[in-house]
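In: build me a structure from this.
(one chain, ligands or ions: 2)
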Amino acid sequence: MPARSKALPSVRPRPLRARTYAGTPRNLATLARVLRSGGLVAAPTETVYGLAANALDPAACEHIFLAKARPQTDPLIVHIEAISDLAKLAVVNPAALVLAKTFWPGPLTLVLAKTALVPAIVSAGLPSVAVRMPAHPLFRRLLRLAGVPLAAPSANPFGYVSPTTAQHVRDGLGEKISHILDGGPCSVGLESTIVDLRQPARPRVLRPGAITRAQLEQALGVPVLAPPRRRTPATAVAQIAPGLLTRHYSPRTPVQLHTRLTTRTVSSGDPREAWVFIAKPPVLRGKNIHWFNHRGDLPRVAQRLFALLRELDQAGFTRLHIELAPGRAGLADAINDRLRRAAAI
Ligand code: AMP
Ligand code: MG
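Out: Ligands and ions are numbered 1, 2, ... in the order given. Take a look at the predicted model:
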């Protein structure tokens, strides 16, 4: 062994540390032990893969920030197993209970005043905490076995496209973490809707997601404010919801957005540039022609969004021209929010 390692050129890529685990009962028990003893585990949720640590252990949470190179000013979402755990972490109000009962387990995160149990590193020093009860069966089993709430941001280097498969996690963090639980591709594919309930009479969406403002309004019976305007100075947004940076979820290849792509725009374009349609275009074919979903079915577009951005980012195109989802409401709003952040400079 020593002789062999001597002969290896120093340019050899660093070995991947990460081991990928299937969701067997034995592996889940092992991974829950890792979490209880302060380690990190990347695991699937229905939204994207999360990088989880015991939310009550500040040292474990610090490792999340280090592995992701995430600034400590960006607070973490805490995942819980049951609605009854919410009151341990957050000051619950009736509006929060209505939303929890209507949408949990599911892709909705509630921002509320925090309790003393939540370490400062989790809330980035804010007096609030973001909490979610995820629906993915493997993540739920991990929560139950670990017996602690789990802080889990997306399992990717900070600012890059979120991971929706175990392989995406490996590609981004394979050298930084040791344990990846593989649950297949995520069913939603976009990060959770975040709703701010610190002022329960004036709920506000901080990040659009699969659960829409209309659904929240229907459950609460009051208007729900839209996310803070993107043009707000960065400092002001940071005070409301740190981490909602304009540039996020970004491929390295420059992205240019289009309200509508037509055959005409594309045929006059540069072949080194890729064209990405929401639905399959009628006639165009070629290495640089892509679409998110055959029929432009928005839940499927959301599922495929980050995976296709990653594939195209590796393909060597000089620019990605991407068509926005039609409409402003619901899932189109969440998809376009991610596309705009991917395109932001
Ligand atoms: P993620 O990048 O999916 O981990 O989402 C975390 C985002 O949730 C942060 O960037 C904030 O925008 C929001 N968030 C988390 N915790 C809080 C908090 N305590 N107060 C306000 N927003 C929060
Ligand atoms: Mg993230």
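In: contacts, neighbours, all on C-alpha from now
Out: Fine.
In: how about low-confidence regions in the stretch 201-345 of the chain?
Out: Applying pLDDT under 70 to the stretch 201-345 of the chain picks out residues 230-248, 268, 345.
In: where along it do the helices fall?
Out: 213-220, 234-240, 263-267, 298-314, 330-343 (DSSP state H, counting those that start in this stretch).
In: residue contacts, the closest residue in space to Leu225 that isn't next to it in sequence?
Out: Distances taken as Cα to Cα, 6 or more residues apart in numbering put Arg204 closest to Leu225, at 4.3 Å, once the chain neighbours are dropped. The contact partners of Arg204, by Cα atoms under 8 Å, 6 or more residues apart in numbering, come to Val195, Asp196, Leu197, Val224, Leu225, Ala226, Pro227.
In: repeat the analysis, applying 10 Å as the threshold.
Out: 111, 194-198, 213, 216, 223-228 (Cα atoms under 10 Å, 6 or more residues apart in numbering).
In: from these, which are also near ligand 1?
Out: Val111 (Cα under 6 Å from any ligand atom).
In: from the contacts of Arg204, which would you call buried?
Out: Buried positions within the contacts of Arg204, assessed by neighbour count (16 or more other Cα atoms under 10 Å), are Val111, Ile194, Val195, Asp196, Leu197, Arg198, Arg213, Leu216, Val224, Pro227, Pro228.
In: ok so, going back, among the contacts of Arg204, which one sits closest to ligand 1?
Out: Val111 (5.7 Å; Cα to the nearest ligand atom).
In: isn't the closest one up against Val131?
Out: Yes: using Cα atoms under 10 Å, Val111 makes contact with Val131 at a distance of 6.5 Å.
In: so His63 versus ligand 1, what's the distance?
Out: Per Cα to the nearest ligand atom, to the nearest Å, His63 is found 14 Å from ligand 1.
In: number of nearby residues for that residue?
Out: 19 (other Cα atoms under 10 Å).
In: and for Arg19?
Out: That count, for Arg19 with other Cα under 10 Å as the rule, works out to 12.
In: now Arg132
Out: The burial count for Arg132: 29, using other Cα under 10 Å.
In: show me what contacts it?
Out: Arg132 neighbours (Cα under 10 Å, 6+ apart): 77-83, 86, 100, 103-111, 149-151, 192-194.
In: re earlier: shared neighbours, Val111 and Val131?
Out: The contact lists of Val111 and Val131 share Ile77, Ala90, Ile194, where a contact means Cα under 10 Å, 6+ apart.
In: list only buried entries from the contacts of Arg132.
Out: 77-82, 86, 100, 103-111, 149-151, 192-194.
In: element containing Ala52?
Out: strand 49-54 (DSSP states H and E).
In: mind exporting the C-alpha coordinates of that strand to CSV?
Out: Taking Å, rounded to 0.1, in the frame of the first residue of the first chain, the C-alpha atoms of strand 49-54 are listed here in CSV:
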residue,chain,number,x,y,z
TYR,A,49,-32.1,16.8,-0.5
GLY,A,50,-31.2,18.3,2.8
LEU,A,51,-28.0,18.3,4.8
ALA,A,52,-29.2,17.4,8.3
ALA,A,53,-27.7,17.8,11.8
ASN,A,54,-29.2,17.7,15.3
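In: restricted to strands, list the contacts of Arg204.
Out: Val111, Ile194, Val195, Asp196 (DSSP state E).
In: looking at it, the last one is touching Val111, isn't it?
Out: Yes: the pair Asp196 and Val111 passes the contact test of Cα under 10 Å, sitting 4.7 Å apart.
In: just to revisit the earlier point, among the buried ones among the contacts of Arg132, which are located in helices?
Out: Leu86, Ala100, Phe103 (DSSP state H).
In: could these be laid out in JSON lines, adding distance to Arg170?
Out: Shown next, in JSON lines, are those (distance: Cα to Cα, whole Å):
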{"residue": "Leu86", "distance to Arg170": "32"}
{"residue": "Ala100", "distance to Arg170": "32"}
{"residue": "Phe103", "distance to Arg170": "31"}
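In: for those, which one is nearest ligand 1?
Out: Nearest member of these to ligand 1, counting by Cα to the nearest ligand atom, is Leu86, at 13.8 Å.
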